[in-house]
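Participant: fold the following and give me the result.
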Amino acid sequence: MKQLDIKASEVLRSAIEEEVRRREVEKLKEDIDKLKPVPDKVSMEEVVKNIRKYRDNR
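Facilitator: As a prediction, the model looks like this:
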C-alpha cells in the first residue's frame with residue numbers, strides 16, 4: 001500500500017460511508033414500500049370530505 005500511496009484509513013472511511021449510504025437507501029425503500037398501500041385504503045370521497053372539513057374550520 002505504501003508503494004501505491006494508498007492510505008488504509010481513507011479507504012476504510014470511504015467504504016464505511018458507502019455502506020452507510022447503501023443501507024440508508026435500502027431502509028428508505030422499505031419504508032416507502034410499507035407506506036404505498038396506505039393511499040389505496042383511503043377513498044377519494046374521504047379525502048374530499050376531510051379537505052372540506054378543514055376549509056370550514058379555517
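
Participant: residue ranges with poor pLDDT in this structure?
Facilitator: For the chain, the stretches with pLDDT under 70 are 39-40.

Participant: remind me, longest helix of it?
Facilitator: Criterion DSSP state H: the longest helix present in the chain is helix 8-35.

Participant: do you know how far Arg55 is from Val47?
Facilitator: 13 Å (Cβ to Cβ, to the nearest Å). For the C-beta atoms, the positions are set from N, CA and C on the backbone; glycine is no exception.

Participant: comparing those two, which residue is more hemmed in?
Facilitator: Legend: neighbour count by other Cβ atoms under 10 Å for Arg55 and Val47, higher for Val47 (11 against 8).

Participant: so that one is in which element?
Facilitator: Taking DSSP states H and E as the criterion, the element that holds Val47 is helix 44-57.

Participant: what residues sit buried inside that helix?
Facilitator: Neighbour-count burial for helix 44-57, counted by 16 or more other Cβ atoms under 10 Å, picks out no residue.

Participant: CA atoms of that helix as CSV?
Facilitator: Written as CSV, here are the backbone C-alpha positions of helix 44-57 (Å, rounded to 0.1, in the frame of the first residue of the first chain):
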residue,chain,number,x,y,z
MET,A,44,-61.3,9.8,-2.7
GLU,A,45,-64.6,10.7,-1.1
GLU,A,46,-62.9,10.6,2.3
VAL,A,47,-60.1,12.9,1.1
VAL,A,48,-62.6,15.4,-0.3
LYS,A,49,-64.7,15.3,2.9
ASN,A,50,-61.6,16.0,5.0
ILE,A,51,-60.5,18.9,2.8
ARG,A,52,-63.9,20.5,3.0
LYS,A,53,-63.9,19.9,6.8
TYR,A,54,-60.5,21.6,7.1
ARG,A,55,-61.6,24.5,4.9
ASP,A,56,-64.7,25.0,7.0
ASN,A,57,-62.7,25.1,10.2
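
Participant: chain center to it: distance?
Facilitator: 28 Å (Cα atoms, centre = their mean, to the nearest Å).
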